[in-house]
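K.L.:
take this sequence and fold it.
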Amino acid sequence: MQIPEGKKIYFASDNHLGAPTKEASRPREKKFVAWLDEIKHDAAAIFLVGDLFDFWFEYKTVVPKGFTRTLGKLAEISDSGIPIYYFVGNHDLWMNGYFEEELNIPVYHKPQEFTFNNTSFFIGHGDGLGPGDKGYKRMKKVFTNKFCKWLFRWLHPDIGVKLAQYLSVENKMISGDEDAKFLGEDNEWLVHYCKRKESQKHRDYYVFGHRHLPLEIPIETNAKYINLGDWIIYFTYGVFDGNSFELKTYE
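P.N.:
Numbers count the residues shown, from 1 in each chain. Sure thing, here's the model as predicted:
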């Protein structure tokens, strides 16, 4: 994609709308929608890099209640011709066609490579990548198993959603607590992952979410790992203007 003059590519992740409750997250949702409303005027494309919702499961005829402001704004932007790309995170693994059919937004379940103005990007949510985190990797296999998803679908949504919300709030990554601390590059699994990928093929930027920390870390001389932070504590987002990438804070 060639970015038109005066246009930009925008990136955001980890809103966790609905946590700890829909009512408590509504101010954050309104702030995010205000941001979307501002950037639509010069956006060439928008990347939502996972965990927009704290829980999302698509039944055959039902999706979770709420998030009307966000879904409406995404529909408006998509209908205007601005492409939006969505990467599932560890809290919204169970997307299965709703965004594609209703919003014309492609959904990716694995990292993807894009090129803008001859600048290469490797983009994904980031969960389960790199060394370590073996417990989550085992659980992810359960969460994405077709039979397990079929069993969960038989739970009434009132029960299934409430159960998922309870388990999610117990996860300290949501609150930005002790898990979301920078403990040095050697302890950042996504840094290790990016270095391994860079050794196989050069990309200019590796853009991920999941860690809830706004980070910019050089991988090699001409490559950089970017973590987008979150919309819980930091309200950070990424901007690529065709020449350089910058992390910004939405006030």
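
K.L.:
quick one, phi psi at residue 206?
P.N.:
Main-chain dihedrals, residue 206, degrees, to the nearest 10: phi -110, psi 110.

K.L.:
can you check the pLDDT for it?
P.N.:
Model confidence at residue 206, given as pLDDT, is 98.

K.L.:
do residue 146 as well
P.N.:
Residue 146 carries a pLDDT value of 75.

K.L.:
next up, the contacts around residue 111.
P.N.:
Contact partners of residue 111, counting by CB atoms under 8 Å, 6 or more residues apart in numbering, are 87, 122-124, 129. C-beta coordinates here come from the backbone N, C-alpha and C atoms, glycine included.

K.L.:
close enough to count as contact, residue 40 and residue 81?
P.N.:
No. Using CB atoms under 8 Å, residue 40 is not in contact with residue 81; the gap is 10.4 Å.

K.L.:
which of the two has more residues huddled nearby?
P.N.:
residue 40 (15 against 6; other CB atoms under 10 Å).

K.L.:
what sits closest to the more buried one if chain neighbours are left out?
P.N.:
residue 77 (5.2 Å; CB to CB, 6 or more residues apart in numbering).

K.L.:
please name every helix or strand in contact with the strand or helix carrying residue 122.
P.N.:
Per DSSP states H and E, residue 122 falls inside strand 119-123. Helices and strands touching strand 119-123, by 3 or more CB pairs under 8 Å, 6 or more residues apart in numbering; DSSP states H and E, are strand 112-116, strand 205-208.

K.L.:
closest one to residue 31 among those strands?
P.N.:
Checking the helices and strands packed on strand 119-123 against residue 31 by CB to CB gives strand 205-208 as the closest, at 21.6 Å.

K.L.:
show residues contacting the closest one.
P.N.:
11, 13, 47, 49, 119-126, 129, 190, 194, 197-198, 219, 223-228, 238, 240, 245.

K.L.:
those in strands, which ones?
P.N.:
11, 47, 119-123, 219, 223-228, 238, 240, 245 (DSSP state E).

K.L.:
show me which of those residues are buried.
P.N.:
By neighbour count, with 16 or more other CB atoms under 10 Å, those hold 11, 47, 119, 121-123, 219, 223-228, 238, 240, 245 as buried.

K.L.:
for the residues you listed, name the two members farthest from one another.
P.N.:
47 and 219, at 19.2 Å, using CB to CB across those.

K.L.:
and stretch 233-251, which residues are buried?
P.N.:
For stretch 233-251, a neighbour-count test (16+ other CB under 10 Å) marks 234-242, 245, 247 as buried.

K.L.:
out of those residues, the closest to residue 185 would be?
P.N.:
Once CB to CB is applied, the member of these that ends up nearest residue 185 is residue 247, at 17.1 Å.

K.L.:
so what does the closest one look like in phi/psi?
P.N.:
With angles defined as degrees, to the nearest 10, residue 247 sits at phi -90, psi 130.

K.L.:
same check on the one 3 residues further on?
P.N.:
When read as degrees, to the nearest 10, the backbone of residue 250 gives phi -90, psi 120.
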